[in-house]
Every structure is written in C-alpha cells, then in structure tokens.
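Novice: Would you be able to build a 3D model of this:
(2 chains)
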Amino acid sequence: MGFFLETLIGGLMAGMLYSLVALGFVLIYKASGVFNFAQGAMVLFAALAMARFGEWVPLYTGITSPLAANLIAFALAAGVMFLVAWVVEYLVLRHLVNQEGTTLLMATLGITYFLDGLGQTIFGSDIYKIDVGMPKEPLMAFQSMFEGGLLISQEDLVAAVIAAALVAALSIFFQKTSTGRALRAVADDHQAAQSIGIPLNRIWVIVWCVAGVVALVAGMIWGSKLGVQFSLSTVALRALPVVILGGLTSVPGAIIGGLIIGVGEKLSEVFLGPYVGGGIEIWFAYVLALGFLLFRPQGLFGEKIIDRV
Amino acid sequence: MSKVIGDVILDVQNISLRFGGVKALTDISFNVKEHEIRSIIGPNGAGKSSMLNCINGVYTPQEGSITFRGQKFDHMNSRQVAEMGIARTFQNLALFKGMSVIDNIMTGRNLKIKSNILMQALRVGPAAREEEEHREFVEHIIDFLEIQAFRKTPVGQLPYGLQKRVDLGRALAMEPQVLLLDEPMAGMNLEEKQDMCRFILDVNDEFGTTIVLIEHDMGVVMDISDRVVVLDYGKKIGDGEPEEVRNNEDVIRAYLGTSH
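Specialist: Numbers count the residues shown, from 1 in each chain, chains lettered A, B, ... in the order given. Below you'll find the predicted structure:
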C-alpha cells in the first residue's frame, strides 16, 4: 500500500510538471486560436535566460544574496520573454490577422527553430544549472501509518504548489476579467473581435507575455530538476498528449490531463511493466492521447466541436 | 411616423474599391442622416457588403473618403470605428461560438469597461460595481431581444435565427450611434424575418440609433427603410425613398432583367 501511494504521488508530481508546459499551449490556443508549436522552444529560451542571468547577476553586480540574485534573474528573464512576445507579435502575428489556423501553426513552427537557435547563440549551448534554492531532500511522511513511511520529494511538492497557484490565477484572469473575455473572443473570431473594438495586437502581446511567463516558470522548475539543456525543448512533446487529453481550450483540463498522464505513466510502468517487459512510461501518454483523438477529440474538458452543415 | 430625422451623420464620397482587376465599387456616394433607417440593396455581388466593409474599416478603398460626424477619413480602422460608435453585425455569423450568450454580448461592453485588470480579478471596489452595471445593461438587451432562456447557452448550440439575434445584441451592447447590419434576415423563415424587422424598428425607435441595413429581400427593405441606395455591379443605380426607388427604371431592370 505504501509503495502504491508513493508511486501515485510521484506520478502526480511528475504530472504537475507536464501540466505546466501544457498550460502554455492552452493559453495561447484559448486566446488566439493558434496551436503554438513554439511553446517548447519558449520553455528552453526562458530557462536558458534564467540560468544565465542567475550566473551573471552575482558576477557583474556583486549581489551575493541568492534570493535577491534569483529574483533579479527572474525579473530579467521575464523581461526577455516580454520582448520575445512583442517581437513575435510585431514581426509575425500582426501580418497574419484573419488567416487560417494552419498558417499560424506553420508560423509558430518557424518561431520554434528561430528561438532554439537564438537562445543558444545568446546564452550558450552548454548544460547550465538553475539553483533557486529548491529543497532537494525527500520528505518522510505518514511514518505512523505505513511501515517505513512515504517518501515524498520536497522539490516536487514546491513545484506542485507553484503550478497550482499559477493555474488559479490564470483561471480567474480568463473567467472574471474583461481582458480575459476579450482574449476568448479573439480566439473565436478575429474579425468580429475587431468590430467591437478589441485591439487584436495588444491582446496578442498580452497572451504571448503570459505564455512566456508560464514557460519561464516551467523552465525554471524543470531546469532546477534536470539542468538546462537543449533537450528541455522536447519537454513540449511530452506535454502534447496532456493537451489532447485535457482539451485544448481548458485550463483545468491541462492540469487534470497532466495529472492523469503523470499517474498513468508511473503506475502502468510499475505495475504493468513487468508483464510486457517495461518501457510503458515512454509510450503510455501517446497511446492514451491516440485513444482520445479517436473517441473524444475535444478532450475531457475542451469545448465541444460543433459544426453546422 | 413621428421620429425626427436629423442632419447627415455619415457621408460616403466617391468611394472606389478594387481587388486587383476586379472593380468591387465604382465611385459610390451617398449619405446617412441621423436616426434614419438607410438601406443598401442590390442583387448578389452588387458590392453591398464591400461598401459596409469600407465603412467598417475592414477594406481600404483606393479612392474616396468617408466623413463621420464632420471628421473626414480616407480609410477607416476597425478599432477606431468601434471607438467612434459604429457597430456592425455580420452576414456570415461571426459570433464567439464557444462563449455563452451573456459573454458574447458582454464583449460588446469591452470598450466601456474602465477599471483595471487587477481590480477586476480581485473584484474589489469600483470594479465589482462596474461589472454589475455592465451586466445589468446586457440583461436589458437580452430582455429586449427575447433570448432570456438562452443566457448561459454556448452560442454555437443555438439555432441560426437566435444566433443572428445574439449578433445584434453584441452590437447593441456597444451603444452605437450607427448600426451597420449586414443581411440580418438572410436565411431566415418568414416568422424570424418579422421578428428581426420588429427588433430593428424598435432599436431605431427606442434608442434613436441610426441604422444602415444591407438586404437583398426587396419587400422587407421597402417596408422599413426611410431611404434606399441601390447598387448593381459596384455602381449606384438608384437613391431615394422606397417609392421612388421602386419605380426607378434601372432598378427594375437590375432586379427583373430587361426584355431584349
């Protein structure tokens, strides 16, 4: 029982991290109807910025307090992501108003390669570490209930709390504010949104900024866990099934999808793996996503796809 | 009719619009007076929607100018137009399909919401009151359009006739001075058409909103319009009160064809 719970919690924590990346996809899709292929590249770019600023700030300013240095590094990295958002809008999106979703998707594919290259040119292509003082030692819990207690990674716990807070804030933003409503409106129909005076350009900058910050938080947490390197960019691929499962238009869907996939991966690996020779973790998410595409293409919480003929 | 038609509010002068070699509009001039219902009619492909899109800033005409409330523009800009108080509806519905009826109409209030985003998120002070006021206004519109029962329904699930009403509602939420309606009755059955006519007349009557209406159903137009512009192949072939236009030789020819 203790072992089962441990696996379950481990799965939930891993799932939370997938959710963070998936959230970036959902945000941009929800607010501009664009499937942003560049989300993974943005995570890498943000993480690289964070890691390097974390090194450079103490080096050049002489700030020794790790907290202050990290805060400054975070602020600078966020600034860089704002700049990315603005440039993307100014150079790419602005010229593609009222175009098909596929056109915009291809554009983000281009942005992906550009950001991958630019990030490594500016910040270097070695492996860097982000040290934001995440607690590394695992926590022992429920020792009285189970023999040997439960081993919980504190780092994952902190990450989960951050992710939860982020999701709560974003949900309020989307549902309760007029800007959130405008974002949803833009996603549905560019032309109609313009006709009621919603400034398309500003909305796009806002949403790419928010997605940039989400990428930064995701990059920071993944980076401090695994180090910052090029492979971080492919984390986005792990988040794809999450988005399909949860629904492209649902913020809570991204979270629950992430949790289901995290838990499913771990449990199936541990309990089914021995019978099929292991390796389930690698394909589990994709097979699950495939099943969803066949039977429920809008995902668990996505908006129903209604097409009038 | 007891309503008072005011001065010219919107003046379109010598507008020409080309798409490559295709002349969509050639040298079109007409004006719209305050509080009137002004219709633009013509057979399919006559350039009616193009004309509306020029006024709305979706298209930029190559020649001509548009004067709104004494301010002259070579071309309009969608957002600016919205800010100046010109709202529109769409021929092919352009609603926010995934959002509820209320949210769709609320987006029309977007330009009027002044409190900042942080206050809105936290629901504090003036932001909460403001949201309530706008919500109340939207409720009025919903009552007016008789769609109370569908408040929370995602718009995409509503039948076509009702979607058209929501489209009108969203435009009304902007409290426009001029309302551009692009074929509000296209594809409707008789009963729906009558309802829509009633709404248009009521809007004009109760709020004094100036209405520019595009329609190709002659019958409807003649009944409710104060003045009518007739386009054919991008050229203006008639302009005047419904009676005048009805007897205009060119108009009859465009609609019925001539015997050779």
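Novice: For the residue of the stretch 51-200 of chain B found nearest chain A, the count of nearby residues, please.
Specialist: Closest to chain A within the stretch 51-200 of chain B is residue B:82: 2.9 Å, counting by Cβ to the nearest Cβ. All C-beta spots, glycine's among them, are computed from the backbone N, C-alpha and C. Counted with other Cβ atoms under 10 Å in any protein chain shown, residues neighbouring residue B:82 total 26.
Novice: For it, give me its contacts.
Specialist: Contact criterion Cβ atoms under 8 Å, 6 or more residues apart in numbering or on different chains gives A:194-197, B:111, B:174 as the residues in contact with residue B:82.
Novice: element containing it, please.
Specialist: helix B:78-84 (DSSP states H and E).
Novice: before we move on, back to that, tell me how far the residue of the stretch 51-200 of chain B closest to chain A lies from residue B:175.
Specialist: 11 Å (Cβ to Cβ, to the nearest Å).
Novice: now residue A:201
Specialist: 25 Å.
Novice: Equivalent analysis for residue B:184, please.
Specialist: Counting by Cβ to Cβ, the gap from residue B:184 to residue B:175 is 18 Å.
Novice: of these two, who's got more company?
Specialist: In this view residue B:184 and residue B:175 are compared by other Cβ under 10 Å, and residue B:184 has more residues nearby, 25 against 16.
Novice: So the more buried one, which state does it fall into?
Specialist: For residue B:184, the assignment made with DSSP: H, G, I helix; E, B strand; the rest coil gives coil.
Novice: That one and residue B:168 touch, don't they?
Specialist: Yes - under the criterion of Cβ atoms under 8 Å, residue B:184 makes contact with residue B:168 at 6.7 Å.
Novice: tell me, what's touching the two both at once?
Specialist: What both residue B:184 and residue B:168 touch, as defined by Cβ under 8 Å, 6+ apart, is the set B:89, B:196.
Novice: Grab the nearest non-local neighbour of residue A:152.
Specialist: residue A:139 (4.7 Å; Cβ to Cβ, 6 or more residues apart in numbering or on different chains).
Novice: pLDDT (mean, whole number) over the helix holding residue B:82?
Specialist: In this model, helix B:78-84 has an average pLDDT of 87.
Novice: So which bits of that helix are buried?
Specialist: Using 16 or more other Cβ atoms under 10 Å in any protein chain shown as the test for burial, helix B:78-84 gives B:78-79, B:81-82, B:84.
Novice: Which stretches in chain A count as helices?
Specialist: A:2-32, A:39-61, A:66-91, A:101-123, A:154-176, A:178-188, A:190-195, A:200-226, A:235-246, A:251-267, A:273-276, A:280-295 (DSSP state H).
Novice: okay if I get those as a markdown table plus mean neighbour count, distance to residue B:152 and mean pLDDT?
Specialist: Output for those, formatted as a markdown table (neighbours: other Cβ atoms under 10 Å in any protein chain shown; distance: least, Cβ to Cβ, whole Å; pLDDT from 0 to 100):
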| stretch | mean neighbour count | distance to residue B:152 | mean pLDDT |
| --- | --- | --- | --- |
| helix A:2-32 | 23 | 19 | 84 |
| helix A:39-61 | 24 | 32 | 90 |
| helix A:66-91 | 18 | 33 | 91 |
| helix A:101-123 | 16 | 27 | 90 |
| helix A:154-176 | 17 | 13 | 83 |
| helix A:178-188 | 23 | 15 | 82 |
| helix A:190-195 | 23 | 20 | 82 |
| helix A:200-226 | 23 | 25 | 88 |
| helix A:235-246 | 25 | 23 | 85 |
| helix A:251-267 | 24 | 18 | 88 |
| helix A:273-276 | 10 | 46 | 82 |
| helix A:280-295 | 15 | 27 | 87 |
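Novice: quick one, what contacts residue 244?
Specialist: Just going to use chain A. A:257, A:289, A:292-293, A:299.
Novice: Sorry, I should have been clearer: chain B.
Specialist: Contacts of residue B:244 by Cβ under 8 Å, 6+ apart are residue B:238.
Novice: so how far is chain A from it?
Specialist: Counting by Cβ to the nearest Cβ, to the nearest Å, the separation of residue B:244 from chain A is 32 Å.
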